[in-house]
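[1] Test case, fold it:
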Amino acid sequence: MRVLKSVSLPAIIAILFFLSCKHSDDTTILSRRNVKLEGSQEVPPKTGTGTGSIDYDYNKATRTLSFTVTFSSMSDTVIAAHIHGSAQRGYNASPVQDYTAAIPKRKEGTYSNSMYVDGVKITEQDLFRGGYYFNIHTKTNPGGEIRAQIVF
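    Numbers count the residues shown, from 1 in each chain. Coordinates of the predicted model:
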């Protein structure tokens, strides 16, 4: 019995120490890379030469979605860019975040920015169910030329 007590006490102390320590949570930041922006994802689908990709990260602790968009071969000059929601793939929705003032007004470019998930207008629930999409609009396709659903 004395041996059991001497082994159990250090084990209990070690377990309590481990549980009291702060641990890094690998799921605090969720990431996706090289998600395709395509005309085929537009509603209705567009058949053009415009292509692109988006890398994005969502930080659960700060509730911030950060992204970098690269686009090229657009049919015309970019005139607008938005995150729209809430709508699943195959459906349209109104913009919830406007990036028109900052995105390069060219046929190709790279752009980085972020969006705060405020819990009212933009919610984690909708974000995690794939309810938002990034959309780039051109003069030729003012309703949107390429689109990518934001899905984790």
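
[2] which other helices and strands contact the strand or helix carrying residue 148?
    Applying DSSP states H and E as the criterion places residue 148 in strand 146-150. The contact analysis (3 or more Cβ pairs under 8 Å, 6 or more residues apart in numbering; DSSP states H and E) places strand 146-150 against strand 29-38, strand 51-59, strand 132-138. C-beta coordinates here come from the backbone N, C-alpha and C atoms, glycine included.

[3] Buried deepest among those strands, which one?
    Mean neighbours per residue, mean count of other Cβ atoms under 10 Å, is largest over the helices and strands packed on strand 146-150 for strand 132-138, with a mean of 24.

[4] and it, average pLDDT?
    Averaged across strand 132-138, pLDDT comes to 98.

[5] now it and strand 51-59, what's the angle there?
    140 degrees (axes from the mean of the first three to the mean of the last three Cα atoms, to 10 degrees).

[6] Export the strand holding residue 148 to CSV, keeping only CA atoms.
    What follows is strand 146-150, C-alpha atoms only, in CSV (Å, rounded to 0.1, in the frame of the first residue of the first chain):
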residue,chain,number,x,y,z
ILE,A,146,-14.9,35.4,-60.4
ARG,A,147,-16.0,34.1,-57.0
ALA,A,148,-14.7,31.8,-54.2
GLN,A,149,-16.8,30.4,-51.4
ILE,A,150,-15.1,30.8,-48.0
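
[7] related to what we said a few turns ago, can you say which of the helices and strands packed on strand 146-150 is nearest to residue 90?
    Proximity to residue 90 (Cβ to Cβ) singles out strand 132-138 among the helices and strands packed on strand 146-150, at 10.3 Å.

[8] pLDDT weak spots in this protein?
    1-26 (pLDDT under 70).

[9] Enumerate the beta-bridge partners assigned to residue 69.
    Legend: beta-bridge partners of residue 69 under DSSP bridges are residue 54, residue 111.

[10] how about it, what does it touch?
    Contacts for residue 69 (Cβ atoms under 8 Å, 6 or more residues apart in numbering) come out as 37, 52-54, 81, 103, 110-112, 134, 136.

[11] swap in residue 128?
    residue 152.

[12] how much space between the closest residue to residue 148 other than its chain neighbours and residue 136?
    Nearest residue to residue 148, sequence neighbours excluded (Cβ to Cβ, 6 or more residues apart in numbering): residue 37, at 4.4 Å. Distance of residue 37 to residue 136, given as Cβ to Cβ, to the nearest Å: 7 Å.
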